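*Asks:* how would this look folded up:
(one chain, ligands or ions: 1)
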Amino acid sequence: MGPDSLEEALALRAERGDEATVLAGGTFLGILMNQGFLAPAALLSLGRVVELAGIDVVDGELRLGAMATHRSVEDSDAVRSGWPVLARAFSLVASPRVRNAATVGGVLADADYASDPPAMLAALDARAVLRSPRGDRAVGVGELIQGYYETCIEPDELLVEVRVPAQPERAAYRKFRSRSSEDRPCVAVAAVRGERLRVVVGAVAETPQDFPDLCDGSPDEVAARYAERIEPLSDARGSAAYRRRVIAAEVRRAVEEVSWTRA
Ligand SMILES: Cc1cc2nc3c(=O)[nH]c(=O)nc-3n(C[C@H](O)[C@H](O)[C@H](O)COP(=O)(O)OP(=O)(O)OC[C@H]3O[C@@H](n4cnc5c(N)ncnc54)[C@H](O)[C@@H]3O)c2cc1C
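*Replies:* Alright, predicted model coming up:
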């Protein structure tokens, strides 16, 4: 199924629910299908729904359409000037070939623990807009991503947009790769200093790790607390013990990056 409009896509989603798998850029689904892990009865492709591909700024808030590609986010003048840290996080995903296809909606809806954008979007307090015939609801990344490949998206809902509040000047994204330059992160750290410091660590547990109660103190103190609080997973990119040491180093560096003061 390849609807031409958002209205048609929403009607098909409401009618078919999980019986039709939503297809965005296909970079995640394609691998699952090629490897035989998934054999959808039907696909609901959003590829022709141009209304979902926009990138706009409305009242100082960035609005990324669910079908905006990683490449279009990274290349957008509006994102580069107002949300440079987000352009950076998207630019560090995989390779240009993947970024030309992978979408904003896809990277949130697949809820892969080892992704870059979710931690950065969480630190910027972004909200994903989920739409169905029942209406819209806006959820934070922490509510959207519930576990390994699990989200709160209901079978009649589509993720249509991501809204990102203004980026405070002091914001950093650090991606630590342990294997190759195009790999997913072993540890990802997003730090934003607005009125308060916010630090979100990705790729180390099933969901982005966000602990506002640990964010007062020096970079060393915040880093030591994050390394102690997080229960890191082990995978091919690093053991739990290795990740804990990387978390301590990378959180400290990220907090230092957002802690400068003007001379
Ligand atoms: C070789 C390779 C390297 C990669 N490296 C990185 C990396 O370094 N960092 C990183 O962050 N990511 C990485 N990725 C992951 C890549 O970014 C994701 O595969 C991608 O973001 C998924 O987006 P997509 O548009 O292709 O989604 P799809 O594959 O089309 O869909 C993904 C999932 O989301 C659902 N979905 C998609 N859009 C919607 C929507 N609007 N509403 C509801 N459900 C929806 C689909 O049903 C599916 O379950 C890599 C992928 C590949 C193939």
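*Asks:* Once you drop chain neighbours, what's closest to Glu143?
*Replies:* Using Cβ to Cβ, 6 or more residues apart in numbering and skipping residues adjacent in sequence, the residue nearest Glu143 is Cys152, 6.1 Å away. Placement of C-beta: from N, CA and C, glycine included.
*Asks:* Actually, Ala89.
*Replies:* Met120 (3.9 Å).
*Asks:* Would you verify that that neighbour is located in a strand?
*Replies:* No - counting by DSSP: H, G, I helix; E, B strand; the rest coil, Met120 is not found in a strand; it is helix.
*Asks:* what about it, neighbour count?
*Replies:* By the measure other Cβ atoms under 10 Å, the count of residues near Met120 is 32.
*Asks:* Report the closest residue of the stretch 51-200 of the chain relative to the ligand.
*Replies:* Here the stretch 51-200 of the chain gets closest to the ligand at one residue, Gly106, 2.2 Å apart by Cβ to the nearest ligand atom.
*Asks:* For the one helix or strand Tyr242 maps to, C-alpha coordinates in CSV please.
*Replies:* Tyr242 is located in helix 240-257, with elements delineated by DSSP states H and E. The C-alpha coordinates for helix 240-257 follow below in CSV (Å, rounded to 0.1, in the frame of the first residue of the first chain):
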residue,chain,number,x,y,z
ALA,A,240,29.5,-4.0,30.5
ALA,A,241,32.7,-3.3,32.4
TYR,A,242,34.3,-1.7,29.3
ARG,A,243,31.2,0.5,28.7
ARG,A,244,31.2,1.6,32.4
ARG,A,245,34.7,3.0,31.9
VAL,A,246,33.7,4.7,28.6
ILE,A,247,30.6,6.2,30.2
ALA,A,248,32.8,7.8,32.9
ALA,A,249,35.2,9.3,30.4
GLU,A,250,32.6,10.4,27.8
VAL,A,251,30.1,11.9,30.2
ARG,A,252,32.9,13.9,31.8
ARG,A,253,34.1,15.2,28.4
ALA,A,254,30.5,16.0,27.3
VAL,A,255,29.8,17.9,30.6
GLU,A,256,33.1,19.8,30.2
GLU,A,257,32.1,20.8,26.7
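*Asks:* Quick check: Phe90 touching His70?
*Replies:* Yes - the criterion here is Cβ atoms under 8 Å, and Phe90 meets it with His70 at 4.7 Å.
*Asks:* tell me, what's touching these two both at once?
*Replies:* Residues touching both Phe90 and His70 (Cβ atoms under 8 Å, 6 or more residues apart in numbering): Arg99, Pro117.
*Asks:* how about the residues of the stretch 151-263 of the chain near the ligand?
*Replies:* Ile153, Leu158, Leu159, Arg184 (Cβ under 6 Å from any ligand atom).
*Asks:* returning to what we had before: wait, what's in contact with the residue nearest to Glu143?
*Replies:* By Cβ under 8 Å, 6+ apart, the residues touching Cys152 are Leu130, Val139, Glu143, Leu144, Gln146.
*Asks:* Show me which residues of the stretch 1-150 of the chain sit near the ligand.
*Replies:* Checking the stretch 1-150 of the chain against the ligand by Cβ under 6 Å from any ligand atom, the hits are 21-29, 31, 46, 66, 93-94, 98, 101-103, 105-107, 109-110, 115-117.
*Asks:* Quick one: end-to-end length of stretch 76-85, please.
*Replies:* Using Cα to Cα, to the nearest Å, the end-to-end distance of stretch 76-85 comes to 12 Å.
*Asks:* contacts for stretch 115-125?
*Replies:* Counting by Cβ under 8 Å, 6+ apart, 70, 83, 85-86, 89-90, 92-93, 104, 107-108, 111, 140-142, 145, 162, 164-165, 167, 171, 173, 175, 184-185, 188-192, 198-203, 208, 210 sit against stretch 115-125.
*Asks:* No more questions from me, cheers.
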